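Trainee: need a structure here:
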Amino acid sequence: MTIQFHLRVGDLLHNPKTGALGLIVNVTKSYFHFYLMSNSKSGDDFMVSMDRASKRQVYESIDTSVIFPYYGTNRRRRKRKIYVDISEEL
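Mentor: Residues are numbered from 1 along each chain as shown. Model (predicted):
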C-alpha cells in the first residue's frame, strides 16, 4: 500500500477509466474546488469546467483506486488515515 497524503492546491487527480483530469485550485473546510478536463460527448474535443466535490468523496475514491492523485510535491506533507478499509470488503 502506498502512503497517502492530504491533498493541496496544485495537486492533480486522474481517473484512468474515463481519462478525466482534475486540477485542485481551492480547498475549503468540506470541499475541493477544481478544474475538470474531460472528453466531450462527441469524444473529439476536451471540455474544461469548474467543479467541486466533497473531501470525503474524493478521499474514498482515492482509497478504492477509482482516481489517482499526482502530488505537486511531497515535501512537508502530513500522512492521512485511510477512509475505506479494503480488508472489510474481502
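
Trainee: Apart from its chain neighbours, what residue comes closest to Thr18?
Mentor: The shortest distance from Thr18 to any non-neighbouring residue, by Cβ to Cβ, 6 or more residues apart in numbering, is to Ser38 (6.5 Å). C-betas here are computed from N, CA, C, even on glycine.

Trainee: And the pLDDT at the one you found?
Mentor: Note for Ser38: predicted pLDDT of 84.

Trainee: So which bits of the longest helix along the chain are buried?
Mentor: Counting residues, the longest helix found in the chain (DSSP state H) is helix 55-63. When neighbours are counted by 16 or more other Cβ atoms under 10 Å, the buried residues of helix 55-63 are found to be 55, 58-59, 61-63.

Trainee: For Arg75, see how far away the residue nearest the centre of the chain is.
Mentor: Geometric centre of the chain, nearest residue: Leu13, 3.9 Å, by Cα atoms, centre = their mean. Distance check for Leu13 against Arg75: by Cβ to Cβ, to the nearest Å, it reads 19 Å.

Trainee: same deal with Ser38?
Mentor: Ser38 sits 30 Å away from Arg75, taking Cβ to Cβ as the criterion.

Trainee: Mind checking which of these two has more residues around it?
Mentor: Ser38 (16 against 6; other Cβ atoms under 10 Å).

Trainee: quick one, what contacts the more buried one?
Mentor: When contacts are counted by Cβ atoms under 8 Å, 6 or more residues apart in numbering, Ser38 is found next to 18-21, 46-47.
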